[in-house]
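# give the three-dimensional model of this entry:
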Amino acid sequence: MTAGGFSARRLVLVRDLLERQVDAGFVPGAVAVLARRGAVHVQAVGKLAFEGPGSNTPMAPDTICRLGSSSKPLVAACAMTLVEDCTIRLDDPVDELLPELADMTVLADPAGPLHDTVPARRPITVRDLLTSTLGTGMLAVPPGTIPIADALGGLGRTSPDEWLRRLGELPLVHQPGESWMYDTAADITGVLIARATGQSLGETLRERVCEPLGMRDTGFRVEGEHLGRLATAYAAEDVDGAAVVEDGPYDRWSRPPTFESAGGGLVSTAADCLAFGSAMLAGGGPVLSRPAVTLMTTDHLTPGQKALSGFGPQYLADIGWGLGLAVRTRRTHLGPSVGSYGWHGFYGTAWYNDPAEDLTAYFAIQRAHAGDQSLPMWQDLWTAVYQAIDD
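The predicted model follows:
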């Protein structure tokens, strides 16, 4: 047995699986950090890029990666700091801070025309945003099949105020509190935080979450001297067997974004995400109280809300949703225990805490659509993590 109750012999499988992805040319590099009972195990393989800048730089715990939707739990924790200091309240309507979302209308038929609406039965609340039950969000349908899905997809990402104005002009898909719908609620939460504090989302997140936890590399941009640590992101599909760069280190990340996306716009490192995950596992200090963490990591969804999910009812068969993150409700594989919580991201990041095992786990690669936890790659990685527990 090695430190933290892991088998040193069995941990080798985690590294072997990461190396397979690199050897197959799926990604140029990968990093995993597993922390358990005071011990930290790092597995880093490959480089930051296939060629060009980063192709000679090894992946490491301080490699900067795009979090994608793994940004959501961090922003939700920031929002909860505002709940704790009574700047906002969970069950207050958002109308005062977000007047664009006051007096909303709702589609009479979620698949019907945009003009056929009824009044919302009640205002949208802060709780609706954090539980993703405000009534709008992503719909997993082909383009051209459902009018509201096309309209939501065409909003773009201009300034936060303009984006919210456009969103408020569209009807909700469901009544507030009626269904879980992904993604949009997180970006609205980011606008709410900025307006509630009178600062940008990035400034508030830095002051309330990142600085207290020593997360120096987490934010919505990468300062020039650190761009050499930003891994290159690749497209989901290769062209003629060659990896296609989707987002390089010297593109948009070198300047402040027009839209600080709470739903998927952060960059971070394995070391920073470990700091956040460890703080949550230990009860939240110095960022949140233990009761706030308990509230965040409790499944708040009803069966009815899950049944109307924009991704279909089976998407939430084994998980629920707390405040800004998923909560495991059923264990079906050799992987996270019931009560585990966290989330994954578009480019292949995944962070989960397992309180039953006293485990924080973080993985990062940088390839589009690689965060999908139903991929065989992830089933193997989580199996490798849990088969290595040896106490």
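# which helix or strand contains Ala384?
helix 376-387 (DSSP states H and E).
# which parts of the chain are strands?
29-36, 39-46, 65-66, 105-107, 117-119, 233-234, 245-247, 267-268, 319-321, 326-328, 341-344, 349-354, 359-364 (DSSP state E).
# weakest of those by average pLDDT?
With a mean of 93, strand 245-247 has the lowest mean pLDDT of the strands of the chain.
# same for it, what does it pack against?
strand 233-234 (3 or more Cβ pairs under 8 Å, 6 or more residues apart in numbering; DSSP states H and E). To be clear about C-beta, it is placed using only N, CA and C from the backbone, and glycine gets the same treatment.
# what is the strand it packs on packed up against?
strand 245-247.
# hang on, the earlier thing: tell me which residues of the helix holding Ala384 come out buried.
Using 16 or more other Cβ atoms under 10 Å as the test for burial, helix 376-387 gives Met377, Trp378, Asp380, Leu381, Trp382, Thr383, Ala384, Val385, Tyr386.
# could you tell me the angle between it and strand 29-36?
30 degrees (axes from the mean of the first three to the mean of the last three Cα atoms, to 10 degrees).
# how distant is helix 376-387 from the center of its chain?
Mean-position distance between helix 376-387 and its chain equals 20 Å (Cα atoms, centre = their mean, to the nearest Å).
# again with stretch 343-355
On Cα atoms, centre = their mean, the centre of stretch 343-355 falls 7 Å from the chain's centre.
# could you do stretch 239-246 as well?
26 Å.
# what residues sit buried inside that stretch?
In stretch 239-246, counting by 16+ other Cβ under 10 Å, buried: Ala243, Val245, Glu246.
# with distance to Gly283 added, can I get those residues in TSV?
Formatted as TSV, these follow (distance: Cβ to Cβ, whole Å):
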residue	distance to Gly283
Ala243	42
Val245	41
Glu246	38
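# between these, which sits nearest Ser179?
Of all the buried residues of stretch 239-246, Glu246 has the smallest distance to Ser179: 31.4 Å, by Cβ to Cβ.
# in space, what's closest to that closest one - neighbours in sequence excluded?
Ala235 (4.3 Å; Cβ to Cβ, 6 or more residues apart in numbering).
# distance check, that neighbour against Phe311.
23 Å (Cβ to Cβ, to the nearest Å).
# any idea how many residues pack against Ala24?
For Ala24, the neighbour count with other Cβ atoms under 10 Å is 9.
# numbering from 725 from now on, please.
Happy to do that; since the first residue is 725 now, the last one works out to Ala748.
# give me the pLDDT value at it.
So Ala748 comes in at 95 (pLDDT).
# can you give the domain ranges for the protein?
If you go by automatic domain parsing, the domain ranges for the chain are 740-801+924-943+952-1099, 817-921.
# quick one on the thing from earlier: Glu824: which of the buried residues of stretch 963-970 is nearest?
Glu970 (31.5 Å).
# report the contact partners of that closest one.
Ala957, Tyr958, Ala959, Ala1092 (Cβ atoms under 8 Å, 6 or more residues apart in numbering).
# just the helices in the stretch 825-974 of the chain please.
850-854, 871-877, 884-892, 908-921, 925-929, 935-937 (DSSP state H, counting those that start in this stretch).
# among those, which comes closest to Ala1085?
Closest among the helices of the stretch 825-974 of the chain, once you apply Cβ to Cβ, is helix 935-937, at 17.6 Å.
# buried stuff in the closest one?
Buried-residue list, helix 935-937, by 16+ other Cβ under 10 Å: Pro936, Leu937.
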